[in-house]
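[1] Structural data only, the sequence is not supplied:
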């Protein structure tokens, strides 16, 4: 026989709904691939990373004889013609220009265009201008020594935008299997390596060589956005966890 009291309590409890509590999922690091290329070999001669910032005036056009290069649009619009094939480069986008290709870079919008040029080259002291006039070019960084730890075989060359959420604690210790050259687009990061933590504010260039154990954190109130030109041996992860 059904218990009247139990039935009454069951009805009351089923009709009583607790107010919903909003639960946001934890924010994660977001990695956005922008461009990619393949290098058949990286050991014939020493390799160096270089980073430049360039500007073309409205309707300006400049020729470029490429080594392996990544372009990133900072502002304005560009048209990149590589071997007779044209493609657009909008703000926040990337494009790979392989070595040996002749390219033409043009400001295609109504105003000037600013862009970053990541270069992977065997000539660290090249005297020839990176781009001819009317491009205005300034060098931001060059590795003083050849990239260490590179191995025979093909490599992946990629351009990736990495966004770390506000107030993110230091990620687990890790290192690169190849090498990476960064540009801090926005925010101020905290970089820890060799027992020291140093700030990396917007506009900073930053290089990580193979095997260097380090951590990144974002103590700021907004996202930390990093632009990363990376090389890693094909089939091997670009980032490896450090052994504890």
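    Yep, that arrived. A quick note: this is a predicted structure, and the numbers were derived from the prediction, not measured. Numbering: from 1, shown residues only.
[2] Going along the chain, name the helices of the protein.
    4-15 (DSSP state H).
[3] That one - how does it break down into domains?
    Domain assignment for the chain by automatic domain parsing gives 26-45+146-244, 48-143.
[4] Kindly reformat the ones you listed as TSV containing mean neighbour count and mean pLDDT.
    All C-beta atoms are positioned from the backbone trio N, CA, C, and that covers glycine. Shown next, in TSV, are the domains of the chain (neighbours: other C-beta atoms under 10 Å; pLDDT from 0 to 100):
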stretch	mean neighbour count	mean pLDDT
domain 26-45+146-244	16	93
domain 48-143	17	91
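[5] tell me the contacts of residue 114?
    By C-beta atoms under 8 Å, 6 or more residues apart in numbering, residue 114 lies in contact with 53, 54, 55, 73, 74, 75, 76.
[6] oh sorry, the question was meant for residue 117
    By C-beta under 8 Å, 6+ apart, the neighbours of residue 117 are 51, 52, 53, 54, 69, 70, 71, 130, 131, 137.
[7] rerun that using 6 Å as the cut-off
    Applying C-beta atoms under 6 Å, 6 or more residues apart in numbering, we find residue 117 in contact with 52, 54, 71.
[8] quick one: terminal-to-terminal distance for stretch 207-215?
    End-to-end distance of stretch 207-215 (C-alpha to C-alpha, to the nearest Å): 13 Å.
[9] Next, the residues that contact it from outside, please.
    Stretch 207-215 has contacts (C-beta under 6 Å, 6+ apart) with 143, 148-149, 170-171, 173, 175-176, 178-181, 192-193, 242.
[10] so how far is that stretch from its chain's centroid?
    Here stretch 207-215 shows a centroid-to-chain-centroid distance of 15 Å under the convention C-alpha atoms, centre = their mean, to the nearest Å.
[11] mind starting the numbering at 30 from now?
    In the new count, where the first residue is 30, that last one comes out as stretch 236-244.
[12] I'd like the distance between residue 166 and residue 62.
    Distance, residue 166 to residue 62, using C-beta to C-beta, to the nearest Å: 26 Å.
[13] Filter the contacts of residue 143 down to just the ones in strands.
    Mapping the contacts of residue 143 onto strands (DSSP state E) picks out 82, 83, 84, 102, 103, 104.
[14] and those as CSV, adding distance to residue 246?
    Shown next, in CSV, are those (distance: C-beta to C-beta, whole Å):
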residue, distance to residue 246
82, 26
83, 31
84, 33
102, 28
103, 25
104, 28
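[15] which one of those residues is nearest residue 121?
    When the ones in strands among the contacts of residue 143 are compared for distance to residue 121 (C-beta to C-beta), residue 102 wins out at 6.3 Å.
[16] residues contacting that closest one?
    118, 119, 120, 122, 144.
[17] ditto for residue 160
    Counting by C-beta under 6 Å, 6+ apart, residue 160 has contacts 83, 91, 93, 166.
[18] same thing with residue 260?
    184, 186, 207, 208 are the contacts of residue 260 under C-beta under 6 Å, 6+ apart.
[19] Narrow the residues you listed to those in strands?
    Under the assignment DSSP E, the contacts of residue 260 contribute 184, 186, 208 to strands.
[20] now those in a markdown table, with distance to residue 130?
    Converted to a markdown table, the ones in strands among the contacts of residue 260 look like this (distance: C-beta to C-beta, whole Å):
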| residue | distance to residue 130 |
| --- | --- |
| 184 | 18 |
| 186 | 14 |
| 208 | 23 |
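[21] closest to residue 133 among those residues?
    Using C-beta to C-beta, residue 186 is the member of the ones in strands among the contacts of residue 260 that lies nearest residue 133, at 21.4 Å.
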